[in-house]
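Quick one, structure for this:
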Amino acid sequence: MRVRRFEWRGAAATAKDVRVWALEMWPSVENIDEIKDAIVKSEKRDEVLLELTGRFDATEITPTALAVSNDERSGALSRIDPALRQSLELAAANIRAVAEAQVDDASCVVNLPQGQRVTMREVPLDAAGIYAPGGRAAYPSSVLMCAIPARIAGVRRIALATPPGPDGTVTPVVLAAAELCEVDEVYAMGGAQAIFALVYGTETIARVNAIAGPGNAWVREAKARVAPFVAIDSLAGPSELMVVVDDSSNLKWAALDLCAQAEHGSETTLVAVAVEEEVLERLAVEAERAAASRSGVADSPLALVAVPDLGAAIALANAFAPEHLELFVQNGVPLAERVSTAGCIFMGEGSATAFGDYVAGSNHVLPTSRAGDFSGPLGPHVFRRKISTVEVSAEAAAKLAPHVDRIARAEGFPVHGESAMIRVEKGS
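Reported below is the predicted structural model:
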């Protein structure tokens, strides 16, 4: 083992010293972008994957297929040692029991059959950085949407970053929102640099544990780059709105909703979906008319998609994962229940996206660019984390240790097995 002693310089400084030292021993990953580009830029990705697998993985033969056959998978349990199978099944049952308990209660105590106890609890993060966009407009609503969930979560320190205006100062309405939410610190800075400053810290700014808030493409990319080091709400970038309409919809209202979302900038993605071609054409006319009489939205692109039926419209929405989805169709409730990836669904033509942007109570910090495939609206959960505590009694250790030993040896980690077995071996 490599042993090195560290002088105590206070908790934060000493922890940083240890972390930096540990990172120095990590292997180089300089070719990671080369690997990503080789896959993403190829039109024959399977061939590239097979070549990379043969090149980097511990295989003695060049692989010819990526997918493991069903026959090979289905017979695996019968091919392993029965005792090892029993140990894996016991582990699976215990993991399943703890996971099921967390579905209804994030903080829970689970007493398991062998006598051990697993406790799950949530604690707030220490510091959160929130980002409110600026530049062309001021966004006090984003301050509210980010700072209030952080405060409800119990975060001790909240730092706000927002771009200064042309005169170098932060607009009073944003500062007022910060005061309303009891934000602790406000910094006049924007863009990717603001995200990096909050995460890594500067002479003036102490680092944070979470980043939340919408922004442009640079802010989104910066959040993606720091995601390994802090919690992020989602990759919320340029705005998106998909509207599903039919011949019963108020197309003038739907057109105005599209124009409203276009106010966020020309990079906003707008999509209108309908079964009837004639309805789409009428909506396009209404949208062009509304845009022509309103500044800042005339150049926004609008995609029109005719679908075979409303079921196909929902399939399209789930594949696209729009930030906002308006369902302005008859009998829309059953359709809404089939939506699985939209950031927020606005059900019924009275439910304009603008209500959700400001005062409905839902959060307007939502995933974009297909991030809805794996994330959802900002909420207190972003600013909290789970801690698990495991208590293994002597009785439980006696029952569990042989199973640990079997699984550990199957994985090639015999010392794991020794570590468990020594708890029950006599005279140890």
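
where along the stretch 151-300 of the chain do the strands fall?
Along the stretch 151-300 of the chain, counting by DSSP state E, counting those that start in this stretch, strands occupy 157-162, 185-188, 210-212, 231-232, 240-245, 269-274.

now these in CSV, with mean pLDDT, distance to Val29 and mean neighbour count?
Where C-beta positions appear, they are placed from N, C-alpha and C, glycine not excepted. Formatted as CSV, the strands of the stretch 151-300 of the chain follow (pLDDT from 0 to 100; distance: least, Cβ to Cβ, whole Å; neighbours: other Cβ atoms under 10 Å):
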stretch, mean pLDDT, distance to Val29, mean neighbour count
strand 157-162, 96, 29, 24
strand 185-188, 95, 32, 17
strand 210-212, 96, 23, 28
strand 231-232, 94, 21, 20
strand 240-245, 96, 32, 26
strand 269-274, 94, 33, 24
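
Let me have these in JSON lines, extended by distance to Ile61.
Shown next, in JSON lines, are the strands of the stretch 151-300 of the chain (distance: least, Cβ to Cβ, whole Å):
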{"stretch": "strand 157-162", "distance to Ile61": "53"}
{"stretch": "strand 185-188", "distance to Ile61": "56"}
{"stretch": "strand 210-212", "distance to Ile61": "45"}
{"stretch": "strand 231-232", "distance to Ile61": "41"}
{"stretch": "strand 240-245", "distance to Ile61": "46"}
{"stretch": "strand 269-274", "distance to Ile61": "46"}
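
Identify all contacting residues around stretch 383-403.
Counting by Cβ atoms under 8 Å, 6 or more residues apart in numbering, stretch 383-403 makes contact with 86-87, 90-91, 106, 112, 114-125, 128, 149-150, 153-155, 210, 212, 231, 420-421, 423-424, all of which sit outside it.

hang on, the earlier thing: of all the strands of the stretch 151-300 of the chain, which lies closest to Ser74?
Ser74 sits nearest to strand 231-232 of all these, at 39.3 Å, using Cβ to Cβ.

picking up where we left off before, are any of the contacts of stretch 383-403 buried, and which?
Neighbour counting by 16 or more other Cβ atoms under 10 Å classes 87, 90, 112, 114-116, 118, 120, 124-125, 128, 149-150, 153, 155, 210, 212, 231, 420-421 among the contacts of stretch 383-403 as buried.

so of those residues, which ones are in helices?
Per DSSP state H, helices hold the following members of the buried ones among the contacts of stretch 383-403: 87, 90, 149-150, 153, 420-421.

Which one of these is nearest to Val271?
Distances from Val271 to these, taken by Cβ to Cβ, are shortest for Pro149, at 28.3 Å.

Is it correct that that closest one is in contact with Pro377?
No. Pro149 is not in contact with Pro377 according to Cβ atoms under 8 Å; the separation is 9.5 Å.
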